[in-house]
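> Sequence and computational prediction follow.
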Amino acid sequence: MEQYDADQGQYRRGIQALKEQPGKNLVIFGIPGAAKTLLELGLIDEFLLTICPVILGG
């Protein structure tokens, strides 16, 4: 996984501005690194976990 050295304050302001706009919720699918960063910045309000069962083999 590639490491980005960016200003977290810039991320916080950008995501917070999106959250303040009228409309639907923001959703992140399958990006644990982004979710971890947003969680550390206090920008995640709610988690919705979905389990998709898969049967392997024959």
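Perfect, I can see it now. Owing to the predicted nature of the structure, the values given are computational and were not obtained by experimental measurement.
> how near is the closest residue to Q16 other than its chain neighbours to Q8?
Of all residues not flanking Q16 in the chain, L43 sits nearest, at 6.8 Å (CB to CB, 6 or more residues apart in numbering). For every residue, glycine as well, the C-beta is placed using N, CA and C. According to CB to CB, to the nearest Å, L43 and Q8 sit 10 Å apart.
> And K24, by the same measure?
The value you get for K24 to Q8, if CB to CB is used, is 25 Å.
> Please say which of the two ends up with more neighbours.
Q8 (10 against 6; other CB atoms under 10 Å).
> surely that one meets L41?
Yes: between Q8 and L41 there is a contact under CB atoms under 8 Å: 6.1 Å.
> Report the secondary structure state of the residue nearest the centre of the chain.
Taking CA atoms, centre = their mean as the criterion, A35 is the residue nearest the geometric centre of the chain, at 3.5 Å. What DSSP: H, G, I helix; E, B strand; the rest coil gives for A35 is helix.
> Over to R13?
In three-state terms, and counting by three-state DSSP, R13 is helix.
> quick one: the strands in the chain?
For the chain, strands defined by DSSP state E do not occur.
> Please enumerate the helices of it.
8-20, 32-40 (DSSP state H).
> what angle separates the longest one from helix 32-40?
Here helix 8-20 points in a direction 80 degrees away from that of helix 32-40 (axes from the mean of the first three to the mean of the last three CA atoms, to 10 degrees).
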